[in-house]
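Q: Just the structure for this:
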Amino acid sequence: MEKRKLSLSTLGMLITLGIVYGDIGTSPLYVMNSIINSAGTMADAKPEYIIGSVSLIFWTLMLITTIKYVLIAMKADNNKEGGIFALYALVKAKGKWLIIPALIGGSALLADGTLTPAVTVTSAIEGIKGQKFGNLVFSNSQNVVLIIVTVILLTIFVIQKFGTERIGKSFGPIMLIWFSFIGVAGLLNLTNDLSVLRALSPVYAIKVLFSPVNKAGIFILGSVFLATTGAEALYADMGQVGKHNIYATWPFVSLMLMLNYLGQAAWVISNYQNPQYNKIVGINPFYQMLPDKLKIFAIIIATLAAIIASQALITGSFTLVQEAIGLKILPRLKVKFPGKIESQLYIGTVNWMLCAITLSVVWGFRTSDHMEAAYGLAITLTMLMTTILLHQFLIMKKHPLFANIFLGAFFALDSLFLVSSLIKFVHGGYVTVIIT
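A: Just a heads-up that it's a prediction; the model follows:
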């Protein structure tokens with residue numbers, strides 16, 4: 001079958017929304033929840049703490065996702081393929097030792113990819129617990145949630161063999177609705193308290209790290225980091241959709257994400273002293289800030305977006321494994337090309353290994369709170385290894401001064417996130433380290 005490249009077009013951009021942004025796009029489902037949990041209860045989520053946290057989210061997305069990955073890493077493509085192994089293939093001539101960061105980074109990305117489907121689908125489905133829609137009342141039982149999550153995840157892994165082009169065409173419009181929905185929902189809450197726009201200043205991000213209202217201290221960055229875990233998958237999925245489609249869609253995606261985070265911040269600030277909420281642990285402002293009549297729609301669209309989040313990591317995993325096979329890091333596996341688009345592939349062995357591990361994570365951790373506690377640790381390792389390889393790439397491109405500035409800035413930043421995430425090791429992060 002003749003393969004054709006996915007060029008920059010409206011359809012290409014729609015497919016990109018469906019394939020690439022699921023992971024980073026569903027982060028509003030659990031990031032603010034994790035930040036409030038770090039504070040203790042809603043009553044502890046004081047305005048200074050929330051504005052500082054959202055400021056950290058904004059600058060993390062700006063520095064890591066936008067500057068490091070979209071503007072710099074995506075220049076490092078190997079025959080239009082992205083990801084840490086594609087990057088290693090470009091720079092391996094610079095030294096044999098570079099295989100070490102490539103192996104650590106690739107392994108950690110695949111391992112953390114088993115947690116992404118688990119945490120996103122579980123957080124979305126948990127929204128139905130105790131909800132009443134007309135005469136229908138949903139149970140508070142976590143076992144019901146786990147059964148629904150298991151059925152959804154099994155379905156996702158079964159449909160992989162039909163190819164990501166078909167999946168992207170059906171998922172793209174859903175993600176367009178999702179991003180538009182979270183952006184509008186955030187904007188409506190933001191208009192109630194425009195003072196949260198102060199979060200766009202980096203001053204608040206720095207202040208909250210040393211503020212007494214932040215009981216977690218530097219470890220709050222472990223929760224903030226969840227907002228950008230999808231950046232590495234974005235780079236890995238570049239070969240599936242083409243970099244120009246990512247360049248064209250990222251401004252829209254990042255704007256909708258920030259509107260939602262700002263809207264959640266405005267809701268928390270206006271309700272942190274509300275007796276109805278202020279003693280509750282594990283409250284999710286994503287759902288709470290919505291009008292009751294919109295909650296059923298929000299749960300449905302969030303579940304669909306969570307399915308797409310799983311898709312982003314699965315397609316990225318296929319690409320990584322194929323590149324590892326090409327580099328003779330892994331033995332030959334049967335690779336299928338089910339779609340008409342160049343580089344869209346399916347590897348059955350990888351698919352079912354991911355499926356088995358993901359379902360084990362769901363039933364082992366049981367709740368999204370427990371999964372969040374472990375989520376993100378391994379991916380900080382991947383980002384650190386990517387920084388080392390990108391430094392070599394920039395030197396190879398004869399930009400030594402920029403390469404050293406890049407290494408100094410991002411090695412320090414990635415290390416900070418790694419250290420802040422190490423607390424997750426004892427709360428379940430050891431699972432992803434073992435899988436890595």
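Q: Flag the shaky bits of the stretch 251-400 of the chain, pLDDT-wise.
A: By pLDDT under 70, the low-scoring segments of the stretch 251-400 of the chain are 278-282, 337-344, 373.
Q: if you set the cut-off to 80 instead, what comes out?
A: Counting by pLDDT under 80, the stretch 251-400 of the chain shows low-confidence ranges at 277-283, 309, 311-320, 322-324, 326-346, 368-376.
Q: Which parts of it are strands?
A: Along the stretch 251-400 of the chain, the segments classed as strands by DSSP state E, counting those that start in this stretch run 335-336, 346-347.
Q: Highest mean neighbour count out of these?
A: strand 346-347 (a mean of 21; mean count of other CB atoms under 10 Å). Using the backbone N, CA and C atoms, a C-beta is placed for each residue, glycine as well.
Q: Tabulate the strands of the stretch 251-400 of the chain in CSV, adding columns for distance to residue 123.
A: Converted to CSV, the strands of the stretch 251-400 of the chain look like this (distance: least, CB to CB, whole Å):
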stretch, distance to residue 123
strand 335-336, 31
strand 346-347, 27
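Q: Of those strands, give the one that comes closest to residue 107.
A: Closest to residue 107 of these is strand 346-347 (CB to CB; 16.1 Å).
Q: Who does the closest one pair with, and is each partner parallel or antiparallel?
A: If you go by DSSP bridges, strand 346-347 pairs up with strand 335-336 (antiparallel).
Q: So what touches the strand it pairs with?
A: Strand 335-336 has contacts (CB atoms under 8 Å, 6 or more residues apart in numbering) with 161, 322, 325, 345-348.
Q: and it, how far out from the chain's middle?
A: Distance of strand 335-336 from the chain centroid (CA atoms, centre = their mean, to the nearest Å) equals 26 Å.
Q: Could you do stretch 106-119 as well?
A: 10 Å.
Q: related to what we said a few turns ago, nearest to residue 308, of the strands of the stretch 251-400 of the chain?
A: Evaluated with CB to CB, these place strand 346-347 nearest to residue 308, the distance being 17.0 Å.
Q: List the single closest residue to residue 308 in space, sequence neighbours excluded.
A: Leaving aside its chain neighbours, residue 308 sits nearest to residue 22 (3.6 Å; criterion: CB to CB, 6 or more residues apart in numbering).
Q: Was I right to think that neighbour contacts residue 305?
A: Yes - contact criterion CB atoms under 8 Å: residue 22 and residue 305 qualify, at 6.6 Å.
Q: which neighbours do these two share?
A: By CB under 8 Å, 6+ apart, the residues touching both residue 22 and residue 305 are 120, 175.
Q: Of the contacts of strand 335-336, select the buried ones using a ChimeraX command.
A: Selecting the buried subset of the contacts of strand 335-336 in ChimeraX, with 16 or more other CB atoms under 10 Å as the burial test, is done by:
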select :322,325,345,346,347
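Q: Looking at the contacts of strand 335-336, which is nearest residue 96?
A: Nearest to residue 96 among those, with distances taken as CB to CB, is residue 325, at 19.6 Å.
Q: So that closest one versus residue 106, what's the distance?
A: Note on residue 325: its distance to residue 106, by CB to CB, to the nearest Å, is 12 Å.
Q: And for residue 121?
A: Taking CB to CB, one finds residue 121 at 24 Å from residue 106.
Q: One more: residue 391?
A: Residue 391 is 17 Å from residue 106, where distance means CB to CB.
Q: Comparing those two, which shows the higher neighbour count?
A: residue 106 (27 against 22; other CB atoms under 10 Å).
Q: host element of the more buried one?
A: Residue 106 is part of helix 99-125 when elements are defined by DSSP states H and E.
Q: If you count neighbours, what's buried in that helix?
A: In helix 99-125, counting by 16+ other CB under 10 Å, buried: 101-125.
Q: Repeat that for stretch 411-430.
A: For stretch 411-430, burial by neighbour count (16+ other CB under 10 Å) applies to 413-414, 417-418, 420-421, 424, 427-429.
Q: Return the alpha-carbon coordinates of that stretch using CSV.
A: What follows is stretch 411-430, C-alpha atoms only, in CSV (Å, rounded to 0.1, in the frame of the first residue of the first chain):
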residue,chain,number,x,y,z
PHE,A,411,19.1,20.4,33.3
ALA,A,412,18.6,22.5,36.5
LEU,A,413,14.8,22.7,35.8
ASP,A,414,14.4,19.0,35.0
SER,A,415,16.5,18.1,38.1
LEU,A,416,14.3,20.3,40.3
PHE,A,417,11.2,18.4,39.0
LEU,A,418,12.9,15.1,39.5
VAL,A,419,13.9,15.9,43.1
SER,A,420,10.4,17.2,43.9
SER,A,421,8.9,14.0,42.5
LEU,A,422,11.1,11.7,44.5
ILE,A,423,8.6,11.8,47.4
LYS,A,424,6.3,9.9,45.0
PHE,A,425,8.7,6.9,45.2
VAL,A,426,7.3,5.7,48.6
HIS,A,427,3.7,6.4,47.6
GLY,A,428,3.8,4.1,44.6
GLY,A,429,6.4,5.6,42.3
TYR,A,430,8.5,2.6,42.9
